[in-house]
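Student: Pasting a predicted model and its sequence here:
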Amino acid sequence: MNKKEIHKLLETKDDDLLFRFPGYSRGELRKLKRKETLKEETELKAPKILIWDIETAPLLTVCWGLFEQNIQPAQVINDGFVLSWAAKWLREPKIIHDRITGKEARHQNDKRILTVLWKLLDAADIVVGHNIDRFDIKKVNAKFIEYDMKLPSPYLTVDTLKQVKKISTFTSHKLDYLLQRFKMPHKIDTGGLELWKKCRLGDEHALEVMDRYCRNDVLITEQLYSYLRPYIQHPNMGLYLEQEVCPNCGSQKITWSGTVMTQSQVYEQGRCECGKNVRRAKGLRKNKLLK
């Protein structure tokens, strides 16, 4: 049965099933209808997780020295703006991205490229990135307000920088350092600040390199997120799937083994296939949230 037939099946009353699909028995059609309905409901409830990153131009200012300068607003000649952004839905191969043109850079005009990014953030349930809570989200929100675009619909965040600092102390928590420690592909070498200077001046080649750099950051951030997922505090996937699932990855493959006690409660202790430790109150009915 192809997709078109299944769509018709889902919209058809049980009494009409045999007339529309004479090759199936009534029981087979009802069973398939129930199965496809559950499948559609599960797909609708699965959270949309967006991994994303932005690159911004530095401020252009005037000052009288190099050391311990306190830059005042009157010293700012041009404010910063978004040079490029990249994003991808979790586990989907396509990277969505855009960058400003040389002309837009010379006019510090990033409105065009932010329109599509707004739509992606508006559609997301959870957004993932490194240092997004302090930097990326606030930067684009400022731009959305400046252009009177309104803010995207509310979403939850997973800031991999904040999460890894919460549970551990590495020598550095920068993205590239963590990736090297975990033996993963890391950042593209840009040559340093010179690339950002050229982008600000509207150099098309430099802007293309920046776009490629940003796309790579999204790929490696996804890898870091997947690696850290069993260890971090994650938005509870059970809220979306409404099943007894791992709160971090959404899997139902959990091995229960023994109990753990707190000051006020006894829990069953388990471990998901992803490695996350989970627990549930003893005697808890199914379809309740795990912790």
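Tutor: Okay, I see it.

Student: Please parse this structure into its domains.
Tutor: Domains of the chain are assigned by automatic domain parsing as 3-45, 49-61+72-228, 238-281.

Student: Run the chain-centre distance for the longest one.
Tutor: Relative to its chain's centre, domain 49-61+72-228 lies at 12 Å (Cα atoms, centre = their mean, to the nearest Å).

Student: Now stretch 119-134: average pLDDT?
Tutor: The pLDDT scores in stretch 119-134 average 97.

Student: circling back to that earlier point, buried deepest among the domains of the chain, which one?
Tutor: domain 49-61+72-228 (a mean of 17; mean count of other Cβ atoms under 10 Å). Any C-beta I mention is one placed from the backbone N, CA and C, and that applies to glycine too.

Student: about what we covered before: with distance to residue 290 as extra columns, can I get the domains of the chain in CSV?
Tutor: Putting the domains of the chain into CSV (distance: least, Cβ to Cβ, whole Å) gives the following:
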stretch, distance to residue 290
domain 3-45, 16
domain 49-61+72-228, 17
domain 238-281, 5
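
Student: where along this protein do the strands fall?
Tutor: Remark: strands assigned in the chain by DSSP state E are 49-56, 60-61, 76-78, 82-89, 96-99, 126-129, 156-159, 254-261, 266-272, 277-281.

Student: mind listing what residue 89 touches?
Tutor: By Cβ atoms under 8 Å, 6 or more residues apart in numbering, the residues touching residue 89 are 48-51.

Student: What is the nearest of these to residue 270?
Tutor: Checking the contacts of residue 89 against residue 270 with Cβ to Cβ, the nearest one is residue 49 at 23.2 Å.

Student: Report the separation between the nearest residue to the closest one once chain neighbours are set aside and residue 188.
Tutor: In space, and not counting its chain neighbours, residue 49 is closest to residue 90: 3.9 Å by Cβ to Cβ, 6 or more residues apart in numbering. Residue 90 sits 22 Å away from residue 188, going by Cβ to Cβ, to the nearest Å.

Student: Below-threshold pLDDT in the stretch 151-291 of the chain: ranges please.
Tutor: 283-289 (pLDDT under 70).

Student: Using CSV, lay out the contacts of residue 89 together with pLDDT and distance to residue 201.
Tutor: Formatted as CSV, those follow (pLDDT from 0 to 100; distance: Cβ to Cβ, whole Å):
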residue, pLDDT, distance to residue 201
48, 94, 37
49, 96, 36
50, 98, 31
51, 98, 30
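
Student: Please list the outside residues in contact with stretch 215-229.
Tutor: Residues outside stretch 215-229 that contact it (Cβ under 8 Å, 6+ apart): 51-53, 86-88, 90, 95, 97, 128-130, 158, 160, 163-164, 175, 178-179, 182, 184-188, 248-249, 274, 276.

Student: can we see that at 7 Å?
Tutor: Identification of contacts with stretch 215-229 by Cβ atoms under 7 Å, 6 or more residues apart in numbering yields 51-53, 86-88, 90, 95, 97, 128-130, 158, 160, 163-164, 175, 178-179, 182, 184-188, 248-249, 274.

Student: quick one on the thing from earlier: between the strands of the chain, which one is nearest to residue 233?
Tutor: Residue 233 lies closest, by Cβ to Cβ, to one member of those: strand 156-159, at 8.7 Å.

Student: Which residues does the closest one contact?
Tutor: With Cβ under 7 Å, 6+ apart as the criterion, strand 156-159 contacts 125-129, 131-133, 225, 234-235.
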